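[1] structure for this input, please:
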Amino acid sequence: MGWRQPSLPLRAKSNPAAAPLKRATSAPEAPRAPEPEPSRLSSDSQAAHEAQDPIAGNVPSEVRWHLDPAEVGLERTVLEEGPALLAAGVREGRHAGAQVYVARHGRAVLEFAVGEAAPGRAMGVDHLTAWFSASKPATALAIALLYDRGALALDDRVQRYLPDFAAGKERCTIRHVLTHTGGFAGALDARVQLDWAETLARISAHPADYPPGSKAGYHSTTGWYVLGEIVRRIDGRPIDRFVAEELFAPLGIVDSRMGIPEAQQGALEHRLARVQLGRTERQPYADQGFVDQFNSAREIARVNPSGGIRGPARELGRLYDLLLAGGVWGERQVLDRRTVALFTACHRWGMPDLTLMGAPLAWGLGFGLHGNADYHRDYSRRVFGHSGMVSTVGLGDPEHGLTCVVVTTGLLDPMTNARRLREATGTAVRALRADPAGA
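    From the prediction side, this is the model:
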């Protein structure tokens, strides 16, 4: 069941081409996202990286403004508060570094990086950061692509594709897995490293924690390995290759990878951001050994569909730009608009989450919805996204046309991290003002 990882075009040195920004005539309900060409680092941004930045003060930073925020109805001074809070977090030891991406109506507005990617190395907007479970939507969208093409149905039983998936889990469906109601969250011990085949065998043989669909509990890893294997069984390509070729390539995502082979890590060492200790006494996040495992060559290389993507924050943001555009990127319909609406709609509500202290969270198909503790309360009730390992969050708000991604490299306790991410993402939605004509 093994495979060779593909060699994909990760840039060892960034050299993005400038792209003209067109002024839209209106803010449509589901706008087209722009062609995936990042703008060139402006001379102003370069100067901000080399000199003291008015946002970050004396903390090393890089600022990349893609347009005047007023063009898309955002107040610049309010928008800058989020990056400033993250810069303060660096000074206070909450995290060593962070990245931010903000877009509105499919138009990139701001990229920001602050602090260190590794000891003695400044964080830039092109560094490859660990997304952790904020990676999960990429795997969910792989399922969405196959659904779009008629290759599977949401209420297909997992056992149709994985015949050994049994032990009380026979009635589990793909929908159950996507909504964390499959009943096998406890199938894996995170302390035990297994290869892909061993992982699937362990999950398949694990006795159901409860009858599928009867209860809910966040499946931090297990469900997404099952989804990744379903993709492989249907399409023939492993999940990392499918995501790279069918989802990332159409969006111009060339730097982000679900696993970077060890042979390629040396050439990218200067771009790999390390996960580091944050200011917390909460275990296991305060344990140096726990944190260091995420920086090991083996872990960086591991194909992990539940949380193994590394890349710049802007490329995580492109997934949300695509969804807010109704599945359209440039001139291409990557996903059917109805499939986007289906996967970001509410499919689970009012069920206490047995993994997350009984919180009755709302879930779409692979997306956390309104009520996630990491989303600021000012986002609309249609917001969807996903958090990652007490450090990261990406979200899209269809009502406001907003994409916001915050990635930090410091792990905190869940409550402190939620406050950090709420404050940092909240400035984007608080920066909204009445749309000017043409925004």
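[2] pop out the phi and psi values for the closest residue to residue 128 other than its chain neighbours.
    Take residue 128 and drop its neighbours on the chain: the residue closest to it by CB to CB, 6 or more residues apart in numbering is residue 310, 4.5 Å away. Quick note: C-beta positions are derived from backbone N, CA and C, even for glycine. Per-residue torsions, residue 310: phi -120, psi 140 (degrees, to the nearest 10).
[3] what's the pLDDT at residue 310?
    Each residue has a pLDDT score; the one for residue 310 is 98.
[4] measure it to residue 155 for me?
    33 Å (CB to CB, to the nearest Å).
[5] what about these two, which has more around it?
    Neighbour comparison, residue 310 and residue 155: the larger count goes to residue 310, with 25 against 9 (by other CB atoms under 10 Å).
[6] thought that one was touching residue 257?
    Yes: taking CB atoms under 8 Å as the contact criterion, residue 310 and residue 257 are neighbours in contact, 6.2 Å apart.
[7] now do the shared contacts for the two.
    Taking CB atoms under 8 Å, 6 or more residues apart in numbering as the contact criterion, the common neighbours of residue 310 and residue 257 are residue 128.
[8] burial count for residue 96?
    Burial measure for residue 96: 23 neighbouring residues, criterion other CB under 10 Å.
[9] tell me the contacts of the closest residue to it other than its chain neighbours?
    Spatial nearest neighbour of residue 96, chain neighbours left out: residue 276 (4.4 Å); criterion: CB to CB, 6+ apart. In this structure, residue 276 makes contact with 95-97, 291, 409-410, judged by CB under 8 Å, 6+ apart.
[10] adding pLDDT and secondary structure, write the residues you listed out as CSV.
    Formatted as CSV, the entries for the contacts of residue 276 read as follows, by pLDDT from 0 to 100; DSSP: H, G, I helix; E, B strand; the rest coil:
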residue, pLDDT, secondary structure
95, 96, coil
96, 96, coil
97, 97, strand
291, 92, helix
409, 96, coil
410, 94, strand
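[11] Throw those into CSV and include distance to residue 243, thanks.
    As requested, these are exported to CSV (distance: CB to CB, whole Å):
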residue, distance to residue 243
95, 27
96, 28
97, 25
291, 26
409, 23
410, 27
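[12] and those residues, which is closest to residue 131?
    Sorting the contacts of residue 276 by how near they are to residue 131, with CB to CB, puts residue 409 at the top with 11.5 Å.
[13] number of nearby residues for the closest one?
    Around residue 409 there are 28 other residues, counting by other CB under 10 Å.
[14] surely it and residue 114 touch.
    No: taking contacts as CB under 8 Å, residue 409 lies outside contact range of residue 114: 10.4 Å.
[15] identify the residues contacting the most centrally placed residue in the chain.
    Most central in the chain under CA atoms, centre = their mean is residue 134, positioned 3.2 Å from the mean C-alpha point. Residue 134 sits next to 307, 309, 316, 385-388, 392-394, 405, 407 when contact means CB under 8 Å, 6+ apart.
[16] residue 175 against residue 365, yeah?
    Yes: the pair residue 175 and residue 365 passes the contact test of CB under 8 Å, sitting 7.1 Å apart.
[17] returning to what we had before: give the bridge partners for the residue nearest to residue 96, please.
    residue 410 (DSSP bridges).
[18] what's the neighbour count on the nearest residue to residue 414 once chain neighbours are set aside?
    With sequence-adjacent residues excluded and distances taken as CB to CB, 6+ apart, residue 414 is closest to residue 390, at 5.6 Å. Using other CB under 10 Å as the criterion, residue 390 is surrounded by 24 other residues.
[19] contacting residues for the nearest residue to residue 122 once chain neighbours are set aside?
    The spatial neighbour of residue 122 that comes closest, neighbours along the chain excluded (CB to CB, 6+ apart), is residue 60 at 4.0 Å. Residues near residue 60 by CB under 8 Å, 6+ apart: 49, 114-116, 122-123.
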